[in-house]
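Q: Fold the following, please.
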Amino acid sequence: MKNMKPVIYKFALVAIILVVLNYIYKFTFFENDIQAHSNIINIVRNVVNEKAEVIYVGESSNISFRSDDIDKRPISDFIHDYYPTKKFGSITKEATHAGIYYELLRNIPENASAKTIIVTLNLRSFDANWVYSNLETPLQKSMVLLKKYPPLFNRFLLAFKGYDIKTDKEREEQFKEKWKNDTLKFPTPFKYKNVIDWDNAMAKYGVRNADGSINRPLTDVACQYIKTYAFQIDTITNPRIKDFDKIVLLAQERNWNLVFNLLGENVERADSLVGKELVYLIKQNRDLLVKRYHKNKVRVVDNLEAVGNSEYIDKNWTTEHYAEQGRKAIAKNVAECLKEIYSKDYVKVSYNNTKPDNFFINCDGNTPWGQTQSLTSEKSFSGEKSSKTGNKQDYSITFEYPIKGLPDSLKQVSIDMQLFQNSINTDAKLTIEISGKDIEPKWYGILVKELSTTTNKWNKANYVFTLPQNFYQANLIKVYVYNPTPSVIYIDDLNIKFKR
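A: Sure thing, here's the model as predicted:
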């Protein structure tokens, strides 16, 4: 025993040193490393700081829109319309999946205001092509510092690449092996054994034109549908099942209301391009997920067939990107489900069909306008933010609106904004852009220095633009400041007023 004491003392000393180093690292360099490698956590922090009670978690399906949408807001905002008295928040990150959702949700502090979590249940994310995506390595790297282990240990994992790292070639080998080895099972005999066989046959025989020739573009899309949806979820081995199961357990531990939003897939196009066998697989996987998580007392909103083909933005690829009416349909079904939790807070929503002619943004809060990455808290005329343009951020916050959503007989548009510039910029322009399928795109630029020569303080600028005669033949109008120079200009309180 005497011989063991020095060993025990040494282990104890090492343990103490590690604990001290962990605390030193946590309160010195940890935050810098978080911002460098895992800044996705800022999305979570923002939601927590906003004291959101209802949190929507999703990927690009939440925020994608079509250029001719009148209301370009995300699905989560449309859901909020039904519960205006509730504080909503969104954790949205493109190309993420349930494994990433789990880590982000786990990082919500236990004393946060969150009571209800709505999680995107994306059927496509169970497919081998997504499970073994070449995006997986950077996604997993971004999660290392957010794991539940001590910060110093996580830093060692990051330094020594203690996460799932594979080359693009290795990922491709994984999903192709899955396509080859997983036998597809149908209630009646089917001539193709697996995805590889089915895909090869489709590529060979193809989707036919009326004259019997192969329509190659549509055939390529049909092959993509097969490679995306021709799978059957194995609840024992599919990693996405494990991810969603972990979210269920986390919600139980935190006493959260949990809602899974099973997204719409373009079943209509799958049927027309490939056929009933593929539709069978899609619906079979849907039924399995709904049954499994209903059994686990999770509210599952089945939106699989809620969106028609015309509302899918991407016709040549398999995505869950919806135009305005598609997003509204998804949101309405989720909102109806939330009535089970917030029956007294629900309000009936009827979207106004009146065509607006006046648009204003003060650059604070959520906005459906474009170029939101230009928003900054460095300066503001009103509120907390403005739009910064220049110094490699060429475009300001951008008004982008479908012309079909504007009133008839418009003649002019009046543009008012607050400008802050440190010097007179010779190249920055207030830009009006008009485009469409039936007209040649038009680009009109007015030098900012002609609108304002005031420097180092906010100044109101106004410009009245006469709309071209063929305005209503166009599809889209954009208004923004274009500033490809190093000189910075801040824009705030942008008001667009159309006039007859």
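
Q: The residue nearest the centre of the chain: what's its closest spatial neighbour, skipping adjacent residues?
A: Geometric centre of the chain, nearest residue: residue 60, 2.6 Å, by Cα atoms, centre = their mean. In space, and not counting its chain neighbours, residue 60 is closest to residue 94: 4.3 Å by Cβ to Cβ, 6 or more residues apart in numbering. In this view, the C-beta of every residue, glycine as well, is placed from N, C-alpha and C.

Q: would the one you found count as being in a strand?
A: No: Residue 94: not assigned to a strand; according to DSSP: H, G, I helix; E, B strand; the rest coil it is coil.

Q: residues touching the residue nearest to the centre of the chain, list them.
A: Neighbouring residues of residue 60 by Cβ atoms under 8 Å, 6 or more residues apart in numbering: 92, 94, 95, 319, 320, 321.

Q: try it again with 10 Å
A: 92, 93, 94, 95, 96, 120, 122, 319, 320, 321 (Cβ atoms under 10 Å, 6 or more residues apart in numbering).

Q: Which among these count as buried?
A: 92, 93, 96, 120, 122, 319, 320, 321 (16 or more other Cβ atoms under 10 Å).

Q: what's the weakest-modelled helix or strand in this protein?
A: helix 4-26 (a mean of 74; mean pLDDT, DSSP states H and E).

Q: same for whichever helix or strand comes after that helix, what does it pack against?
A: Note on helix 4-26: by DSSP states H and E, the next helix or strand toward the C-terminus is helix 30-37. For helix 30-37, the elements it packs on are helix 4-26, helix 41-49, helix 136-143, helix 151-159, judged by 3 or more Cβ pairs under 10 Å, 6 or more residues apart in numbering; DSSP states H and E.

Q: try it again with 7 Å
A: Applying 3 or more Cβ pairs under 7 Å, 6 or more residues apart in numbering; DSSP states H and E, we find helix 30-37 packed against helix 151-159.

Q: Quick one: mean pLDDT over the next helix or strand after the helix it packs on.
A: The helix or strand immediately downstream of helix 151-159 is helix 168-181, counting by DSSP H and E. Across helix 168-181, the average pLDDT comes to 96.

Q: who touches the helix or strand just after helix 168-181?
A: Scanning forward in sequence from helix 168-181 by DSSP H and E, the next helix or strand is helix 195-205. Contact with helix 195-205 is made by 179, 180, 192, 219, 222, 223, 226, 227, 230, as judged by Cβ atoms under 7 Å, 6 or more residues apart in numbering.

Q: ok, now stretch 216-232?
A: 124, 126-129, 182, 184-185, 195, 198-199, 202-203, 206-207, 270, 273-274, 278, 281-282, 284-285, 316-318.

Q: Give me the buried subset of these.
A: 124, 126-129, 182, 184, 195, 198-199, 202, 206-207, 270, 273-274, 278, 281-282, 284-285, 318.

Q: Roughly how far does residue 496 sit from residue 65?
A: For residue 496, the distance to residue 65 (Cβ to Cβ, to the nearest Å) stands at 18 Å.

Q: what's the answer for residue 378, then?
A: Residue 378 is 28 Å from residue 65, by Cβ to Cβ.

Q: and the two? which has more neighbours close in?
A: residue 65 (20 against 11; other Cβ atoms under 10 Å).

Q: residue contacts, that one?
A: Residue 65 touches 72, 324, counting by Cβ under 7 Å, 6+ apart.

Q: repeat for residue 488
A: Residue 488 neighbours (Cβ under 7 Å, 6+ apart): 388, 390, 391, 422.

Q: Among those, which are located in helices?
A: Applying DSSP state H to the contacts of residue 488, no entry is found in helices.
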